[in-house]
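[1] have a look at this prediction, sequence included:
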Amino acid sequence: MIDRYLAPVPERRQAIVTSLTFGYAAAWLVVRGLYVRDVARLPTRRFAPVGLFEIVGGPPPGWVVLIVWLLGLLGCSFAAFGRLTRVAAPVGAVAMLVIATLTSSYGQVFHTEHLLALQLLVLAAAAVIEPCPFRTDGRSATCSGWPLRLSMGVVVVVYVVAGIAKLRHGGVDWLTGDVLRSHVAADNLRKLLVDDPHSAVGGWLSGTAWLWPPIGALTIAVELGAPLALVPGRVRYGWVALAWSFHVGVLALMWISFPYQLSGIAYAAFLPVERIEASLRDTWRSRAGRGRLEVAA
Amino acid sequence: MLVALAYPALHPEEIDSLPFSNYPMFAHDRSPVSRFDIAVLIGADGVEQRLDPRAIGRTDQPVQAVETVRQAIRTGQTDALCAEIAMQVDVPGTIEVISVSYDAVAWFRGEREPIERVVHSNCPSVAS
């Protein structure tokens, strides 16, 4: 079993997953930069620390947040381009964890960045323990498979834990009753009451009682069925497609976006991304070649 | 690492943190009637107007805005929150920090009257 866990994966696959994951984190830090600034300016009385801030105790000063944000942006950007990865990846991963934890330390834990933070930590650990450097010369090479398999394991455990929570707290009603329907209606109404965009579809469909037990059952099936993603081949790809569709459904019915999952990058470790990349390159080359021929003619 | 991630699922108490969580969002049983802790503006004409997340919670996150009000109610600081919100609103009127209860499913069917409405604090907006 250990041998299978450590079995090599194509080097290009790990390089692409690392690049996509850290690239996403860098983009997140830029896009959510103003939000991070707003959070850093919130009154101290609203501070309700979680994670590492429970140890620190108080909120960090604004200038510390700015430095951590900058380090995160630099670390993630360098790691995304495969430069100075041994230093950049851990710096980027830890800074992203700090920033994500800070934004969740004001009364509301956001669950949209958990998977990103965890996968960054795995890839950063791999960069330090067993670096698998970028090679752009296209030659075939492999590296140890544990970082990507651990990334997959993280995804599987996170989904299963979320599924268990629903059965533990909501019970069988989550599958058969109105729990999900009430949540969808209440969440959309909450957004409406604070003048924020909501899902009109979700609000409208909450009036259709028979619809929700099957949606609830499908949700639990996707979450508890996550270990199927460890079975190579079509079963794995089927689960990935279902999990992605589940997040599309959440967006459509509740206007809650899990952008990391919706981008597909959260599931990149499950996919033969190096083959997808090669196929895209071939398509690009053949189109460019055809274009040149047409111009020459 | 995987054992640590799975631990919140087995723990008798709720663990909702980062990076470890049992992901309790939308997991709990929920009655059809929900209470919403929000802030609104009562205009000079007496009409209730909604305030956006930034006015209430100083960020663009609606859940953070609602949690800000909930936190203020829990800690008895609704007057301070009301004064903070009043500074953000440049329309004449009165800010009210309220808890309002609706049957959310019925609301989307058109039954818009609140089941209960409690005013915790009120204060004039900065433009008043």
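    Structure's in. What do you need?
[2] what score does the most centrally placed residue in chain A have for pLDDT?
    Nearest residue to the geometric centre of chain A (Cα atoms, centre = their mean): A:Y260, 3.6 Å. With respect to pLDDT, A:Y260 has a value of 98.
[3] same deal with A:F134?
    53.
[4] same check, this time on the one 4 residues further on
    Among the per-residue scores, A:G138 holds a pLDDT of 54.
[5] go on, the one 5 residues further on?
    Looking at A:C143, its pLDDT reads 86.
[6] any idea how far the spatially closest residue to A:V50 that is not a sequence neighbour is from B:A39?
    Excluding its sequence neighbours, the residue lying closest to A:V50 (Cβ to Cβ, 6 or more residues apart in numbering or on different chains) is B:S17, at 4.3 Å. In this view, the C-beta of every residue, glycine as well, is placed from N, C-alpha and C. The gap separating B:S17 from B:A39 is 28 Å, by Cβ to Cβ, to the nearest Å.
[7] coming back round to it: correct me, but the residue nearest to the centre of chain A touches A:A25?
    No - A:Y260 lies out of contact with A:A25 (Cβ atoms under 8 Å); the separation is 9.0 Å.
[8] can you list residues touching both of those two?
    A:L116 (Cβ atoms under 8 Å, 6 or more residues apart in numbering or on different chains).
[9] A:V161: what's it in contact with?
    B:5-6, B:8-9, B:21-23.
[10] what about the nearest residue to B:E14 once chain neighbours are set aside, which SS state?
    Of all residues beyond its chain neighbours, the one nearest B:E14 is B:P24 (5.7 Å), with distances taken as Cβ to Cβ, 6+ apart. Following DSSP: H, G, I helix; E, B strand; the rest coil, we place B:P24 in the coil state.
[11] and B:I98, by the same measure?
    Quick answer, by three-state DSSP: B:I98 is strand.
[12] give the bridge partners for it, please.
    B:I38, B:V119 (DSSP bridges).
[13] from B:V89, how far out is it?
    Applying Cβ to Cβ, the value for B:I98 to B:V89 is 15 Å.
[14] now the contacts of A:V161 as a markdown table including neighbour count, distance to chain A and pLDDT?
    Listed next are those as a markdown table, based on neighbours: other Cβ atoms under 10 Å in any protein chain shown; distance: Cβ to the nearest Cβ, whole Å; pLDDT from 0 to 100:
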| residue | neighbour count | distance to chain A | pLDDT |
| --- | --- | --- | --- |
| B:L5 | 20 | 5 | 92 |
| B:A6 | 18 | 5 | 92 |
| B:P8 | 20 | 6 | 90 |
| B:A9 | 18 | 4 | 89 |
| B:S21 | 24 | 6 | 94 |
| B:N22 | 23 | 5 | 91 |
| B:Y23 | 23 | 4 | 91 |
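[15] narrow those to those in strands?
    In strands, judged by DSSP state E, none of the contacts of A:V161 are found.
[16] where does chain B dip in pLDDT?
    B:128 (pLDDT under 70).
[17] which stretches of it form helices?
    If DSSP state H is used as the criterion, the helices of chain B fall at B:2-10, B:53-57, B:62-75, B:78-88, B:104-108.
[18] buried deepest among those, which one?
    Mean neighbours per residue, mean count of other Cβ atoms under 10 Å in any protein chain shown, is largest over those for helix B:53-57, with a mean of 24.
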